[in-house]
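Student: Provided below are the primary sequence and the corresponding predicted coordinates.
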Amino acid sequence: MHIFTLLGEPVRLRIVEHLAQHEQAVWQLVATVGAEFSVGQSAISKHLSVLRQAGFVEMREFGLQHRYRLAWDAMERLDSAVEALFVMWEDRRGWPYDPFLPPPPPRLDRAGRKGLRGRTRAEIEPEEHPWAEDQQDWEEEEEEDATGAAD
């Protein structure tokens, strides 16, 4: 099953969001996700089964509980699927749409996420906007004009 099909179901997506935070038992997922979507334990178990068959989550027995967590490569698989979309997007026909627009900014490695692991976007991207220099030059010209007019 394709990863977008797998995560296209809202209940499964919410389960994955919860498991991305930490390992959880079925009853915990029923209490949170089940309450949000008004589904019972059997529906949550069915969604977990689909995720497990796709190799996206792993299950371990802890006493009488079944505890689930994301598979070790789950986020890499999702990242690869998004990267494939970016490749299709960058190779599309008719690009650029408007030759007079500035080119888009270069994107970070692997759909913008892999380069961020362990860092925030603010640490990587400059604080100023591309037009900040133009704005600064314009303000300096205004100040010079005002100073020149006052003399």
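Tutor: Received, thanks. Numbering: from 1, shown residues only.

Student: List of residues touching the helix or strand where residue 12 lies?
Tutor: Using DSSP states H and E, the element containing residue 12 is helix 10-21. With contacts defined as Cβ atoms under 8 Å, 6 or more residues apart in numbering, helix 10-21 is touched by 6-7, 24, 28-29, 32-33, 36-37, 39, 43-44, 47-48, 50-51, 56-57, 68-70, 74-75. Every residue, glycine included, has its C-beta placed from N, CA and C.

Student: Buried members of the residues you listed into PyMOL, please.
Tutor: The following PyMOL line selects those of these that are buried, judged by 16 or more other Cβ atoms under 10 Å:
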select buried, resi 6+7+24+28+29+33+44+47+48+50+51+56+57+68+70+74+75
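
Student: Okay, and which of the contacts of helix 10-21 map to helices?
Tutor: Of these, the ones assigned to helices by DSSP state H are 6-7, 28-29, 36-37, 43-44, 47-48, 50-51, 74-75.

Student: show me the contacts for residue 72.
Tutor: Residues in contact with residue 72 (Cβ under 8 Å, 6+ apart) are residue 58.

Student: For it, grab phi and psi.
Tutor: Per-residue torsions, residue 72: phi -60, psi -30 (degrees, to the nearest 10).

Student: May I ask which two of the ones in helices among the contacts of helix 10-21 are separated the most?
Tutor: Greatest spatial distance among the ones in helices among the contacts of helix 10-21 (Cβ to Cβ): 43 and 75, at 24.8 Å.
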